[in-house]
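Engineer: sequence below, structure please.
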Amino acid sequence: MKTILYATDCTNNDAPSLKYAYRFSSILKADLHVLHVYSFPPIAFSTIQPLNLLKKKMHKERIELVDKYCRTHLNNEFRQKPITTHVVENDSVSESILRLSKVLTPDLIIIGMKDRHSKRGYFSGNIADTLLDTVETPLLIVPNSLIYDTISTIVYATDFEQEDIESIQKLIEIARPFEALIEIVHVYESDKYATLERMERFQNTLLKQVSYPEITFRNIASENIKSGLLSVLNNEKASLLAMLERKHEWSFSNIFHKDLVKDMEMSLKIPLLAYNKNSTKLQNANAPYNIDNEMLSSG
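Structural biologist: Prediction:
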């Protein structure tokens, strides 16, 4: 992992996620880019100064604000590892993140979870939701109140899809420097024996492609996928949850389906790492693998 992009609104409430991004990037030995997006307020026609001068002045003030913000909240750590800051005027934070990510091509994007303390407002559009629908880069969503601690256990929620293989390979890049355990979990509601067989085949396929020793596999029976995952996270004292952002085709059977990744985000007290299933990299990487076909052709 070479580059991490972190977006901040430079509030005190966002400071823990800044520290998390900084220490996370330090352990991964990745360059950290800090992005701050601001909106230029409406200006009365009676103002004396030209608009372009006012904009330049505000942009300079924001640059100074971001520098002071990082120095204040990172304290002595700020001198240990350099960071690069980006200050952008735009009404859309998500659009600015997407634009900069196309330039930097980061390996990971980190943002804080939306909450009522954010300057964007509790009822404003959720930046994470927008990014989950559009960005191809893995997205790490960090609770704003989280105090950084080392990553010891990562739970990866799988549905035995071919894109899971590439996602787990990328996840190992994060887990290895921490020597963290990766616990691959599938929550099922019924058909235990079919689930066991699918997990076994998925496990065999994955272990042929990765060489990370700290991986375990579990099937969890639960009437509700969300509650089943939360139970695992609590019991294992997980440091991070990783999932695929799966797009569901519209049909009568899932009219009331709520995206699980977005639903989990609102219930977590640990970081959520989301991989976009529609990423071109994920689609191309594992085209030969199809667990259902393997099961049908097995003898």
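Engineer: where does the prediction get shaky in this structure?
Structural biologist: The model of the chain has pLDDT under 70 over residues 43-49, 114-125, 246-259, 265-266, 278-299.
Engineer: could you chop it up by domain?
Structural biologist: For the chain, automatic domain parsing gives the domain ranges 3-142, 153-297.
Engineer: where is the longest helix in this structure?
Structural biologist: Scanning the chain for the helix with the most residues, using DSSP state H, yields helix 51-74.
Engineer: and that one, which residues are buried?
Structural biologist: Across helix 51-74, burial judged by 16 or more other Cβ atoms under 10 Å covers 62, 66, 69-70, 73-74. All C-beta atoms are positioned from the backbone trio N, CA, C, and that covers glycine.
Engineer: over to stretch 178-186?
Structural biologist: By neighbour count with 16+ other Cβ under 10 Å, stretch 178-186 contains the buried residues 178, 180-186.
Engineer: kindly report the same for stretch 127-146.
Structural biologist: Within stretch 127-146, the residues scored as buried using 16+ other Cβ under 10 Å are 127-128, 130-132, 135-144, 146.
Engineer: helices - which of those land there?
Structural biologist: Judged by DSSP H, helices contain the following of the buried residues of stretch 127-146: 127-128, 130-132.
Engineer: need those in JSON lines with distance to Leu260, can you?
Structural biologist: Output for these, formatted as JSON lines (distance: Cβ to Cβ, whole Å):
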{"residue": "Ile127", "distance to Leu260": "19"}
{"residue": "Ala128", "distance to Leu260": "14"}
{"residue": "Thr130", "distance to Leu260": "17"}
{"residue": "Leu131", "distance to Leu260": "16"}
{"residue": "Leu132", "distance to Leu260": "11"}
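Engineer: and of those residues, the nearest to Leu100?
Structural biologist: Of all these, Leu131 has the smallest distance to Leu100: 12.1 Å, by Cβ to Cβ.
Engineer: and the closest one, how far from Gly228?
Structural biologist: According to Cβ to Cβ, to the nearest Å, Leu131 stands 26 Å off from Gly228.
Engineer: with Asn204 instead?
Structural biologist: 24 Å.
Engineer: check Ala194 too.
Structural biologist: To Gly228, Ala194 is 17 Å away according to Cβ to Cβ.
Engineer: so for the two, which sits in the more crowded spot?
Structural biologist: Each of Ala194 and Gly228 has its neighbours counted (other Cβ atoms under 10 Å); Gly228 has more, 19 against 11.
Engineer: and the closest residue to the more buried one other than its chain neighbours, what does it touch?
Structural biologist: Excluding the flanking residues, the one nearest Gly228 by Cβ to Cβ, 6 or more residues apart in numbering is Ser222, at 2.9 Å. Neighbour list for Ser222: 187-189, 228, 231 [criterion: Cβ atoms under 8 Å, 6 or more residues apart in numbering].
Engineer: the residue nearest to Lys55 when sequence neighbours are not counted in helix, strand or coil?
Structural biologist: Among residues not flanking Lys55 along the chain, Phe40 sits closest, at 6.0 Å (Cβ to Cβ, 6+ apart). Following DSSP: H, G, I helix; E, B strand; the rest coil, Phe40 is assigned to coil.
Engineer: tell me where the stretch 151-299 of the chain has helices.
Structural biologist: 162-178, 192-207, 225-236, 260-265, 280-285, 291-297 (DSSP state H, counting those that start in this stretch).
Engineer: summarise which helices and strands the longest one is packed against.
Structural biologist: This means helix 162-178. Packing contacts for helix 162-178, counted by 3 or more Cβ pairs under 8 Å, 6 or more residues apart in numbering; DSSP states H and E, involve helix 15-28, strand 153-157, strand 181-188, helix 192-207, strand 240-245, strand 272-276, helix 280-285.
Engineer: any chance of the ones you listed in a markdown table, plus distance to Leu5?
Structural biologist: As requested, the helices and strands packed on helix 162-178 are exported to a markdown table (distance: least, Cβ to Cβ, whole Å):
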| stretch | distance to Leu5 |
| --- | --- |
| helix 15-28 | 9 |
| strand 153-157 | 21 |
| strand 181-188 | 24 |
| helix 192-207 | 28 |
| strand 240-245 | 18 |
| strand 272-276 | 14 |
| helix 280-285 | 17 |
